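> no FASTA, just this:
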């Protein structure tokens, strides 16, 4: 054993790295679109930065609540360009070049802002021939512009002869321009323009309808005025410290972009879902620290929200910007399909729970593990609610079916044209079904069914019981033998459809009476 051990005769010498650190050109390719699987993500990145700028402008007293829109997205289909302008804090002329050429050095980390890695602003470079930034801050007389040549970038990335580092590449493809104020620009603003947008996935990046829908999911936008729980939810979120929403408009004549949630979810395969209320939740760890808070919409849990409605799922948000998609919590449900039955949003609040670079998940940390534990408890509770309500609906269907059968037998018992024995047998079948309903109602506590449905079922049973009692009092017993009654009962009870059993019962009675007469 001792022969295999290696011992160092002298302590190892530790020193700093003296060699030059090379950051290669390919880093720019990663941040210019390669990090994001969904092309629409570029809109989320730019709106996220705009929301931070607007919050700063609000804090500096530069914005009033009446100033709308705060973000304008303009599509120029003839020239294949998109411009996203916000009237936020802006970037001063003096800081403009330094801030917008910095890669991964935004200075926002730890400042409670949505974007903090300093890479998202270049996400559009992978989807257009030229990416342009323009801005100025309050008090600047000039407008600064920085343009990035996307075509030159791709050429340099393919060129093996270009061996320069990241800084050399940026100096090759980026140009700065200073413009005089011609009166067309706001006093403080920032805008990004994508020129010659590439066609991808049915021209997704120029499709106003798809972009509007996407922003209604991921962006910090207001609830629609017609959403009846919107004011209640917004007031509660403000109490928790969530910033006011921002107003985004597209030049598609549809006005402000609103949150995706509506009062009703239409479905072609099942009954429409009407939301009946909002429930608020706060998730904490063992130390009492708030991990997340949010809201869930109450409904009957009849099934999964239709995919076309895009309403299903409990979404996660940070800074009121969505992280991941509608299925982000699905793996935490005992049955993943339940993930699309619930509707709501949770705002992640703990400062140590941070979205990853793609913003499709969170960085792993002890705090995030605590959050997942709490989310698991929440999803388990939701799954129990789903199953409980499903069992209640099944029980209600069974009760309704029993009542319907009792009513059918009572109807048969009241037909004077039928043989007296058949009418008596039908009456006995009705009595048995009513007893079955009463027995089922006695098994469960009232809260297993909604009070309205329980009241309705009990009223039906009471009405049947009164009808049966009246029928019992008026029923004659002459001319009926016990054997004939037993035979008819056997025929009727063995048939799933009473109407089909009646002719057979008539024939059996006729045969039995014929033998008696002989």
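Nice, I can see it. For clarity, every value in this text was computed on a predicted model and none was experimentally measured. Numbers count the residues shown, from 1 in each chain.
> got the phi/psi numbers for residue 292?
Main-chain torsions, residue 292, degrees, to the nearest 10: phi -160, psi 160.
> Report the beta-bridge partners for it.
Residues in a beta bridge with residue 292, per DSSP bridges, are residue 283, residue 348.
> tally of neighbours for it?
Here the number of neighbours of residue 292 (other CB atoms under 10 Å) works out to 22. Yep, even glycine has a C-beta here, placed from its N, CA and C like the rest.
> For it, list the residues it contacts.
282, 283, 316, 346, 347, 348, 349, 350, 371, 374, 375 (CB atoms under 8 Å, 6 or more residues apart in numbering).
> tell me the two of those residues that are most distant?
282 and 316 (14.7 Å; CB to CB).
> Those two: who's more crowded?
For residue 282 versus residue 316, neighbours defined as other CB under 10 Å are more numerous around residue 316 (23 against 13).
> Strands of the stretch 301-450 of the chain, residue ranges please.
For the stretch 301-450 of the chain, strands defined by DSSP state E, counting those that start in this stretch occupy the ranges 313-318, 321-323, 343-348.
> can you give me the strands in the stretch 1-150 of the chain?
Taking DSSP E, counting those that start in this stretch, the strands of the stretch 1-150 of the chain run over residues 71-76, 81-86, 128-136, 142-149.
> Okay, angle between the longest one and strand 142-149 too, please.
For the pair strand 128-136 and strand 142-149, the angle between their directions (axes from the mean of the first three to the mean of the last three CA atoms, to 10 degrees) equals 160 degrees.
> Counting by contacts, list what strand 128-136 packs against.
strand 142-149, helix 150-158, strand 189-197 (3 or more CB pairs under 8 Å, 6 or more residues apart in numbering; DSSP states H and E).
> The first one now?
Taking 3+ CB pairs under 8 Å, 6+ apart as contact, the helices and strands that strand 71-76 lies on are helix 41-59, strand 81-86, strand 248-250.
> That strand pairs with which strands?
Here strand 71-76 has these sheet partners by DSSP bridges: strand 81-86 (antiparallel), strand 248-250 (parallel).
> Leaving out sequence neighbours, find the closest residue to the spatially most central residue of the chain.
When CA atoms, centre = their mean is applied to the chain, the residue found nearest the centroid is residue 313 (3.7 Å). Leaving aside its chain neighbours, residue 313 sits nearest to residue 326 (3.2 Å; criterion: CB to CB, 6 or more residues apart in numbering).
> Whichever helix in the chain runs longest vs strand 313-318, what angle?
If you go by DSSP state H, the chain has its longest helix at helix 366-413. On the basis of the same axes, to 10 degrees, helix 366-413 is oriented at 160 degrees to strand 313-318.
> Give me the distance between helix 366-413 and the centre of its chain.
Relative to its chain's centre, helix 366-413 lies at 22 Å (CA atoms, centre = their mean, to the nearest Å).
> Turn the strands of the stretch 301-450 of the chain into TSV, columns for distance to residue 242 and mean pLDDT.
Below are the strands of the stretch 301-450 of the chain laid out as TSV (distance: least, CB to CB, whole Å; pLDDT from 0 to 100):
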stretch	distance to residue 242	mean pLDDT
strand 313-318	9	95
strand 321-323	11	95
strand 343-348	6	96
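> Take those strands and lay them out in TSV including distance to residue 354.
Below are those laid out as TSV (distance: least, CB to CB, whole Å):
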stretch	distance to residue 354
strand 313-318	8
strand 321-323	10
strand 343-348	9
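> closest one to residue 382 among these?
Of these, nearest to residue 382 by CB to CB is strand 313-318, at 8.1 Å.
> what residues are up against the nearest residue to residue 322 once chain neighbours are set aside?
Spatial nearest neighbour of residue 322, excluding adjacent residues (CB to CB, 6+ apart): residue 218 at 4.1 Å. Residue 218 makes contact with 44, 47, 321, 322, according to CB under 8 Å, 6+ apart.
> so how far is residue 144 from residue 93?
With distances taken as CB to CB, to the nearest Å, residue 93 is found 5 Å from residue 144.
> From the neighbour counts alone, determine which of those two ranks first.
Taking other CB under 10 Å, residue 93 and residue 144 do not tie; residue 144 has more neighbours (23 against 17).
> So the more buried one is in contact with residue 181, correct?
No. When contacts are counted by CB atoms under 8 Å, residue 144 is not listed as touching residue 181 (11.5 Å).
> thinking again about what came up before, turn the contacts of residue 292 into a markdown table, columns for distance to residue 264.
A markdown table is the format used below for the contacts of residue 292 (distance: CB to CB, whole Å):
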| residue | distance to residue 264 |
| --- | --- |
| 282 | 28 |
| 283 | 28 |
| 316 | 24 |
| 346 | 23 |
| 347 | 25 |
| 348 | 29 |
| 349 | 30 |
| 350 | 34 |
| 371 | 31 |
| 374 | 30 |
| 375 | 27 |
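> Give me the buried entries from these.
Burial by neighbour count, judged by 16 or more other CB atoms under 10 Å, picks out 283, 316, 346, 347, 348, 349, 350, 371, 374, 375 from these.
> Contact partners for the fifth one?
Looking back up the chat, that one is residue 348. Applying CB under 8 Å, 6+ apart, one finds that residue 348 lies in contact with 291, 292, 316, 317, 318, 323, 362, 371.
> low-scoring pLDDT stretches of the stretch 201-350 of the chain, where are they?
Flagging of the stretch 201-350 of the chain using pLDDT under 70 yields the residue ranges 267-271.
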